[in-house]
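Undergrad: Predicted model and sequence follow; I will ask about them next.
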Amino acid sequence: MIPLLSLLSAVAYGNTPDMFGQGAQNMGSGGGGVAMVQDGTAAWLNPAGLGRIRRPSAKLGYVIGFDNFRPVPDLYWDTNRDGSLDGRDPPLPWDVGIERIHGMQISVGRQIGGKFGLGATAWFPAQRLYRLSTIEPDLPHYVMYQNRPQRYSMNIGIGGEVVKGVNLGIAMDLHSRAAFDLYGTLHLTASGAENPDAPGLDGLIQDVVVDVHELTLDLRYAALPIFGVQLELGKWAEELDGLVIGASYRPGMNIAINADLDIQANIEVRDVGDLDPYLLAALVKGRANLFDHTVPGRLNLGVAWRTDDVFSAYLDATWSDWRSGRFNVTQLQSAEITSPLVDLDDAVSDGNAYTVDLRTTWSLRTGMDLKLPPIELDNKLRYMRFAVRGGFAWNPTPLRAQGSNSAFLDSDRITFTLGGGLEVYDPFDLVDGPVRLDLFGQLHRIGNGALPRSTDVPRAGFPVEGTSIPIGGQIVMIGAQWGFDY
């Protein structure tokens, strides 16, 4: 039953905002800005920035991404499914491409009480509400990208100025977790009586009954706190006006689906020699961890400088703790097989065991946002104002080493971003304030490399020809966002 669980676990390794950013302004300017953020997206990046919201705002955007990874060679695999790996198995062509990334982003922010603010953000993958899937560690997968963009993300926070120039905030990073239980019976009846319709061995099997007594899947919430601070140095010294220092921290967590199995297997034999009748029963109990995703511990440090609603720039450094991270591979935690004839407890092992060495990483992000002077208009638009944005990021891979029983692919990633926006006054008088249309594009380059993987005899997941699996490629992200103040 453990192989069955490979089809029943959830996905993702982090989420889309952690990888690419949240909101068009943020994604167009490098995906950071822990000291610069001051709108609803602060609930995700740094809740202290919610205290600097000046007008209520709402934003709705759509994001789509495309991948282009280096192809991998054909692999050894039991393609004819006869239980053995040999020359009769045709090579397995394998595609390491990831599923299309596309979904909606939402953020809202509002000032309360003059010096405090509330905010919320959400990312919803467009093609699903929830999915159950795992990967086979023997086959090549880009584990940092395969499932992470398919995980929804939601953040809710509050922040405010507690003393002059000091903004503090707290938010909740919401995730889903699940528990899976399966109880059932498999009853097989065999008879030695002749069956003219199915002579030979096929005629022995008279009936196979699969009875699922109970199947339960509980979806639950899991939450992580985010703590943030922003220091507006200009409120302490006039010559430092516009300079802000910021930091935020979120602890990490491995989120697993605990799957409990209780299966009774009965074999009933009739009219076969002295076995008339005979009933053999075996009880299989087990627990597997269907790893859902890892949320790494994250510390953001940053500095930003901005002038009055014209120009802003930032530099961020992010520490991520991946050391206890797990990939979305189903692994056996415990198993017990009870039978009156044999004791198999010591013979049960996990077929998906793997070894991996993950490390902490420091990543860098920088970006800028320039708002051009407004162009006055003699109509309902009142004015037009354009903005241009750009950014750069460097993210080293946390995957330092792995054993020969897995083919996880990853390498360092550099990112270039561009964005632009148009702001006008609402011509339809639906809101008392400006409306904005923002566009962005990102190019993520995954560094070239190779995973050594050679064998002298056929071995599952190893290249049929060659000694390594190539690593590298790119991901392109584009998106648009509509927003307004009210």
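TA: The structure has been received and is ready for your questions. Because the structure is predicted, anything quoted here is derived from the model rather than measured. Residues are numbered from 1 along each chain as shown.
Undergrad: Name the residues that touch the helix or strand where Asp316 lies?
TA: Using DSSP states H and E, Asp316 sits in strand 311-321. Contacts to strand 311-321, defined as CB atoms under 8 Å, 6 or more residues apart in numbering, come from residues 29-30, 32-36, 252, 296-306, 360-371, 398. Where C-beta positions appear, they are placed from N, C-alpha and C, glycine not excepted.
Undergrad: Of these, grab the buried ones for ChimeraX.
TA: Typed into ChimeraX, the line below selects the buried ones among those, using 16 or more other CB atoms under 10 Å:
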select :29,30,32,33,34,35,36,252,296,297,298,299,300,301,302,303,304,305,306,361,363,364,365,366,367,368,369,371,398
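Undergrad: The contacts of strand 311-321 in helices, which ones?
TA: Among these, none falls in helices (DSSP state H).
Undergrad: what are the ranges of the strands in the stretch 51-200 of the chain?
TA: Assigned by DSSP state E, counting those that start in this stretch, the strands in the stretch 51-200 of the chain fall at 57-69, 101-112, 116-125, 141-142, 153-163, 166-191.
Undergrad: what would these look like in JSON lines with mean pLDDT?
TA: Listed next are the strands of the stretch 51-200 of the chain as JSON lines, based on pLDDT from 0 to 100:
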{"stretch": "strand 57-69", "mean pLDDT": "94"}
{"stretch": "strand 101-112", "mean pLDDT": "92"}
{"stretch": "strand 116-125", "mean pLDDT": "93"}
{"stretch": "strand 141-142", "mean pLDDT": "92"}
{"stretch": "strand 153-163", "mean pLDDT": "94"}
{"stretch": "strand 166-191", "mean pLDDT": "82"}
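Undergrad: Mean neighbour count added to the ones you listed, as JSON lines?
TA: Below are these laid out as JSON lines (neighbours: other CB atoms under 10 Å):
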{"stretch": "strand 57-69", "mean neighbour count": "19"}
{"stretch": "strand 101-112", "mean neighbour count": "20"}
{"stretch": "strand 116-125", "mean neighbour count": "23"}
{"stretch": "strand 141-142", "mean neighbour count": "22"}
{"stretch": "strand 153-163", "mean neighbour count": "21"}
{"stretch": "strand 166-191", "mean neighbour count": "19"}
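Undergrad: JSON lines for those strands, including distance to Trp482?
TA: Output for those, formatted as JSON lines (distance: least, CB to CB, whole Å):
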{"stretch": "strand 57-69", "distance to Trp482": "6"}
{"stretch": "strand 101-112", "distance to Trp482": "11"}
{"stretch": "strand 116-125", "distance to Trp482": "15"}
{"stretch": "strand 141-142", "distance to Trp482": "32"}
{"stretch": "strand 153-163", "distance to Trp482": "20"}
{"stretch": "strand 166-191", "distance to Trp482": "24"}
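Undergrad: So which of the ones you listed is nearest Tyr486?
TA: Closest to Tyr486 of those is strand 57-69 (CB to CB; 7.2 Å).
Undergrad: Just checking: what are the partner strands of that closest one?
TA: According to DSSP bridges, strand 57-69 forms sheet pairs with strand 101-112 (antiparallel), strand 468-485 (antiparallel).
Undergrad: so can I have TSV of those strands showing distance to Ala237?
TA: Shown next, in TSV, are the strands paired with strand 57-69 (distance: least, CB to CB, whole Å):
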stretch	distance to Ala237
strand 101-112	26
strand 468-485	30
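Undergrad: so which of those gets nearest Asp260?
TA: strand 101-112 (32.1 Å).
Undergrad: The closest one versus strand 116-125: what angle between them?
TA: Per axes from the mean of the first three to the mean of the last three CA atoms, to 10 degrees, the angle that strand 101-112 makes with strand 116-125 is 170 degrees.
Undergrad: Strand 101-112 to strand 153-163, inter-axis angle?
TA: Going by the same axes, to 10 degrees, strand 101-112 makes 30 degrees with strand 153-163.
Undergrad: next one: strand 101-112 to chain centre, how far?
TA: How far strand 101-112 lies from its chain's middle: 18 Å, per CA atoms, centre = their mean, to the nearest Å.
Undergrad: Start the count at 858 instead of 1 going forward.
TA: Taking 858 as the first residue, the last one we looked at is strand 958-969.
Undergrad: With just CA atoms, put that strand into PDB.
TA: This file holds the C-alpha atoms of strand 958-969, laid out as PDB (Å, rounded to 0.1, in the frame of the first residue of the first chain):
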ATOM      1  CA  ILE A 958       2.700  28.900 -13.300                       C
ATOM      2  CA  HIS A 959      -0.400  31.100 -13.400                       C
ATOM      3  CA  GLY A 960      -2.700  32.600 -10.800                       C
ATOM      4  CA  MET A 961      -4.200  35.600  -9.100                       C
ATOM      5  CA  GLN A 962      -2.700  38.000  -6.600                       C
ATOM      6  CA  ILE A 963      -4.800  40.100  -4.200                       C
ATOM      7  CA  SER A 964      -3.700  42.700  -1.600                       C
ATOM      8  CA  VAL A 965      -5.600  45.200   0.500                       C
ATOM      9  CA  GLY A 966      -4.400  47.700   3.000                       C
ATOM     10  CA  ARG A 967      -6.100  50.300   5.200                       C
ATOM     11  CA  GLN A 968      -5.000  52.800   7.900                       C
ATOM     12  CA  ILE A 969      -6.700  52.700  11.300                       C
END
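Undergrad: Grab the nearest non-local neighbour of Ala1258.
TA: Closest residue to Ala1258 apart from its sequence neighbours, by CB to CB, 6 or more residues apart in numbering: Asp1214 at 4.1 Å.
Undergrad: what about the one you found, how many neighbours?
TA: 11 (other CB atoms under 10 Å).
Undergrad: Could you say which helix or strand holds it?
TA: strand 1213-1215.
Undergrad: pLDDT on that strand, on average?
TA: Strand 1213-1215 comes out with an average pLDDT of 92.
Undergrad: Paired strands for it, with orientation please.
TA: When pairs are called by DSSP bridges, strand 1213-1215 turns out to pair with strand 1256-1259 (antiparallel).
Undergrad: What strands line up against the next helix or strand after the partner strand, and which way round?
TA: Moving toward the C-terminus from strand 1256-1259, the next helix or strand (DSSP H and E) is strand 1265-1266. If you go by DSSP bridges, strand 1265-1266 pairs up with strand 998-999 (parallel).
Undergrad: Can you tell me how far the residue nearest to Trp980 when sequence neighbours are not counted is from Trp1176?
TA: Distance criterion CB to CB, 6+ apart; nearest residue to Trp980, sequence neighbours excluded, is Ser1010 at 4.2 Å. Going from Ser1010 to Trp1176 by CB to CB, to the nearest Å gives 20 Å.
Undergrad: Over to Tyr1009?
TA: 25 Å.
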